[in-house]
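In: Build me a model from this:
(chains A and B)
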Amino acid sequence: EAGVTQFPSHSVIEKGQTVTLRCDPISGHDNLYWYRRVMGKEIKFLLHFVKESKQDESGMPNNRFLAERTGGTYSTLKVQPAELEDSGVYFCASSQRDTQYFGPGTRLTVL
Amino acid sequence: AQSVSQHNHHVILSEAASLELGCNYSYGGTVNLFWYVQYPGQHLQLLLKYFSGDPLVKGIKGFEAEFIKSKFSFNLRKPSVQWSDTAEYFCAVNPEFVGGAQKLVFGQGTRLTINP
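Out: Okay, here's the model as predicted:
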């Protein structure tokens, strides 16, 4: 069974540009989560999808971040426009019930 | 504020030493507890989890953790570490909210270095 995959693994962009991160969950997992780890800090929750619906987006930092989950399958997280403080590792996780399985993360560097 | 605390940011041990990594949380209600590990260059992997029942849980690779409700703690242990245990370890809590939100709240992580 394939695990959670994320693309790209690393993205370097300039301040003001747009970046879109993608996450493919484990097949059959209705729950999909986005987390972020800024350098030196803890991993923080961003949002939670159940199928295509946003269950909880309380962790989204501001309206420059837009998450979608097309048809309840893969998800994208768009940052527009990117700021320096958006740099970090963005993790995606999926679950069927109580245990979340994580992808390898996307390292975003904003210059 | 509700949070998860890992007391040690960086732990350095020699092979065969015993390991205990501390984790405390501040949520008062029912919680699910997890330890995840991230080996160099790899993704976060689940080591073990506690939902209910026996407070001493065993995970993969010889790790175990003990849930002590009165101390709000979920410490990770291993009796004899190996060089391959070098990794970053994360304690995480899933507070059970009414409504089913299942977000994880993580501690800061503990970087473990095992010297051969």
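
In: excluding its backbone neighbours, what's nearest B:Ala17?
Out: Leaving aside its chain neighbours, B:Ala17 sits nearest to B:Val81 (5.8 Å; criterion: Cβ to Cβ, 6 or more residues apart in numbering or on different chains). C-betas here are computed from N, CA, C, even on glycine.

In: Kindly report the same for A:Ala82.
Out: Closest residue to A:Ala82 apart from its sequence neighbours, by Cβ to Cβ, 6+ apart: A:Val110 at 4.7 Å.

In: residue contacts, the residue nearest to B:Ala17?
Out: Shown in contact with B:Val81 (Cβ atoms under 8 Å, 6 or more residues apart in numbering or on different chains): B:13, B:15-19, B:112, B:114.

In: Of all residues in chain A, which one is nearest the centre?
Out: Central residue of chain A (Cα atoms, centre = their mean): A:Trp34, 3.8 Å from the mean position.

In: element containing that one?
Out: strand A:31-37 (DSSP states H and E).

In: Check whether that strand comes into contact with chain B.
Out: Yes: applying Cβ under 8 Å from any Cβ of the partner chain, one finds strand A:31-37 touching chain B at A:31, A:33, A:35.

In: That strand packs against which elements?
Out: strand A:43-50, strand A:75-79, strand A:88-95 (3 or more Cβ pairs under 8 Å, 6 or more residues apart in numbering or on different chains; DSSP states H and E).

In: Does B:Ala17 lie in a helix or a strand, and which?
Out: For B:Ala17, there is no enclosing helix or strand under DSSP H and E.

In: Wait, it touches B:Ser80, no?
Out: Yes: with contact defined as Cβ atoms under 8 Å, B:Ala17 reaches B:Ser80; the gap is 7.3 Å.

In: Tell me where the model's unsure across the chain.
Out: Picked chain A for this. Applying pLDDT under 70 to chain A picks out residues A:1.

In: that answer is for a different chain, and I need it for chain B
Out: By pLDDT under 70, the weakly predicted segments of chain B are B:1-2, B:96-101.
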